[in-house]
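A.B. asks: with the sequence up front, the predicted model follows.
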Amino acid sequence: MKIRPVRGYRYNPAKVPDLSRVVAPPYDQIDAEARDALYALHPWNFVRVTLGRPEPGDAGDADRHRRARECLDRWTAEQVLVRDAEPALYPVLATYQVGGETLSRMGFICLGALTEYDEGVVLPHERTHAGPKVERLAHLEATGADTGVIFMLASDPSGELLRAAASPPTPPVAAARDGKGELHQLWRIADPAAIARVQALVADTRLIIADGHHRYETALEYRRRHPGAEWKLMAIFPLEAPGVTICPTHRLLHDVPGFDVEALLARAARWFQIERAPASADPVGEARALVVALDARVRAGSLPIAVVAGGEGPGWLLTLRPEAFDAVPWPAGTSPAWRRLAVSVLHEGLLKPCVGITEEILRRQVCVDYTADAAEAVTQVREGNYQAGFLIAPTTPAELQAVVRAGELLPQKSTFFYPKLLDGLVFHRLSEGDGA
């Protein structure tokens, strides 16, 4: 992968001393309620650029995108946003909490050369939908700004890239907390020798898109329309480093005609060992116990799924029997690594053959909702808002790499990287080149 430093735009600390009030999550993590909250947080919040809300009298999305460009131009003219004096790589560190443990994820932001997937330099792990790309392309055309940083993973088993691109021993140039309270810090590396070292380490490396498939493919389309737009803002994180956290995405079933959990379990018994889950006094405790039970079974080499249904616990723990693995009707051509993914076992071994959830239903995103929060999943089922919930173990970075490097895509909603990157820490205006 070819990378370059960039003269990034950032909020002026003299005008915006508290960055936590002006940064925003990626556009695809913002619903209408979250957008209103970000609008109320600060009049200069970056959501006005990335996902402005509709206003009375709008003829369509074009008006939202026009206002986004006006915000960028006005904030730049007023020195709310300022451009760094020289090109740099931007080390970025997220310090966050998962399961009561404090973790750190270090990477760096740069410009990466755009390449088509069939060139084998940038590898996707999921399919995209046309609608979001049409909307993002219109936004990019209107604003001329590369505002959404793509989350990339690079294999770095030796840790050499992590060390070369680590934050310098100086205070960060920017720091902000996201809506979950997680801390994001940004530094600059402007030394040409240090930049060249990182470029050399990445030169022969293939990158896996973690988050940002729609934005990457939108950038490719923009390049087709605008020859010369060869670079995309991205954050690169060493895949093997501690701190690359992938949360599971649990499934919640609704509006399935004739759904009956006992019938589901009876059908599942041909392939799965079924046992009752530990009892718990409340949904939060039940979810915690189920997650612990899933983790223990995964560590033992098993392929488990937890099922909850009805107003009371306990739920069930279903473990795919080793001798039944080959009996599951796996899609033709899928690798053993793909078939051992927790989400593959759930889809192909349980939801499709035992519930009747087809690939078309999954593609259209009907009858199945998703959450990365196990406690929310169990609570929603116990309160009667869903017919059933299916808790799974997370996809690991090693599993992700094995499937993607084999040329396969993961099933839908297989990964939830945490924490999400923040928009507004640093961005790039395409009309001004990369500044290198």
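C.D. replies: Arrived safely, thanks for sending.
A.B. asks: tell me the SS of D255?
C.D. replies: Three-state call for D255 (DSSP: H, G, I helix; E, B strand; the rest coil): coil.
A.B. asks: burial of it, as a residue count?
C.D. replies: 10 (other Cβ atoms under 10 Å). Backbone N, C-alpha and C define where each C-beta goes, glycine included.
A.B. asks: what's the separation between it and R188?
C.D. replies: 51 Å (Cβ to Cβ, to the nearest Å).
A.B. asks: got it, and Q380?
C.D. replies: 44 Å.
A.B. asks: the nearest residue to L19 once chain neighbours are set aside: what secondary structure?
C.D. replies: Spatial nearest neighbour of L19, excluding adjacent residues (Cβ to Cβ, 6 or more residues apart in numbering): A176 at 3.8 Å. Using three-state DSSP as the criterion, the local structure at A176 reads strand.
A.B. asks: for A176, what are its contacts?
C.D. replies: For A176, the contact set (Cβ atoms under 8 Å, 6 or more residues apart in numbering) comprises L19, S20, V22, V23, L183, H184, L422, G424, L425.
A.B. asks: partners of it in the sheet?
C.D. replies: For A176, the beta-bridge partners are H184 (DSSP bridges).
A.B. asks: still on that earlier bit, and the contacts of A176, which are buried?
C.D. replies: L19, S20, V22, V23, L183, H184, L422, G424, L425 (16 or more other Cβ atoms under 10 Å).
A.B. asks: next one: phi and psi at A281?
C.D. replies: phi -80, psi -20 (degrees, to the nearest 10).
A.B. asks: cool, and the one 5 residues further on?
C.D. replies: The main-chain torsion angles of E286 are listed as degrees, to the nearest 10 and equal phi -60, psi -40.
A.B. asks: hmm, V308 and it touching each other?
C.D. replies: Yes. Contact status for E286 versus V308: in contact at 7.4 Å, counting by Cβ atoms under 8 Å.
A.B. asks: now the common contact residues for the two.
C.D. replies: Taking Cβ under 8 Å, 6+ apart as the criterion, E286 and V308 both touch A277, G315, V378, R382.
A.B. asks: show residues contacting the helix or strand of the chain with the lowest mean pLDDT.
C.D. replies: Lowest mean confidence among the helices and strands of the chain (mean pLDDT, DSSP states H and E): helix 359-364, at a mean of 88. Helix 359-364 is contacted by residues H347, L351, K352, C367, V368, P411, Q412 when judged by Cβ under 8 Å, 6+ apart.
A.B. asks: same thing but 6 Å
C.D. replies: C367, Q412 (Cβ atoms under 6 Å, 6 or more residues apart in numbering).
A.B. asks: again, but for stretch 22-39
C.D. replies: Applying Cβ under 6 Å, 6+ apart, the contact partners of stretch 22-39 are 11, 16, 42, 44-47, 50-51, 53, 176, 420, 422-424.
A.B. asks: filter these down to the ones in strands?
C.D. replies: Filtering the contacts of stretch 22-39 for membership in strands, criterion DSSP state E, returns Y11, A176.
A.B. asks: what subset of the contacts of stretch 22-39 is buried?
C.D. replies: Using 16+ other Cβ under 10 Å, the buried ones in the contacts of stretch 22-39 are 11, 16, 42, 44-47, 50-51, 176, 420, 422-424.
A.B. asks: sorry, back to before: which of E286 and V308 has more residues huddled nearby?
C.D. replies: V308 (29 against 26).
A.B. asks: mean confidence score for the helix or strand where the more buried one lies?
C.D. replies: Element membership for V308 (DSSP states H and E) is strand 304-309. Averaged across strand 304-309, pLDDT comes to 98.
A.B. asks: listing partners with orientation, what would you give for it?
C.D. replies: If you go by DSSP bridges, strand 304-309 pairs up with strand 316-320 (antiparallel), strand 388-391 (antiparallel).
A.B. asks: tell me which of those sits most buried.
C.D. replies: strand 388-391 (a mean of 25; mean count of other Cβ atoms under 10 Å).
A.B. asks: show me where pLDDT drops low in the stretch 301-436 of the chain?
C.D. replies: 432-436 (pLDDT under 70).
A.B. asks: tell me how far the nearest residue to I150 once chain neighbours are set aside lies from F417.
C.D. replies: Closest residue to I150 apart from its sequence neighbours, by Cβ to Cβ, 6+ apart: G212 at 3.4 Å. To F417, G212 is 10 Å away according to Cβ to Cβ.
A.B. asks: which helices and strands does whichever helix or strand comes after the least confident helix or strand of the chain pack with?
C.D. replies: Beyond helix 359-364 in the direction of the C-terminus, DSSP H and E gives the next helix or strand as strand 368-371. Contacts defined by 3 or more Cβ pairs under 6 Å, 6 or more residues apart in numbering; DSSP states H and E place strand 368-371 against strand 250-253.
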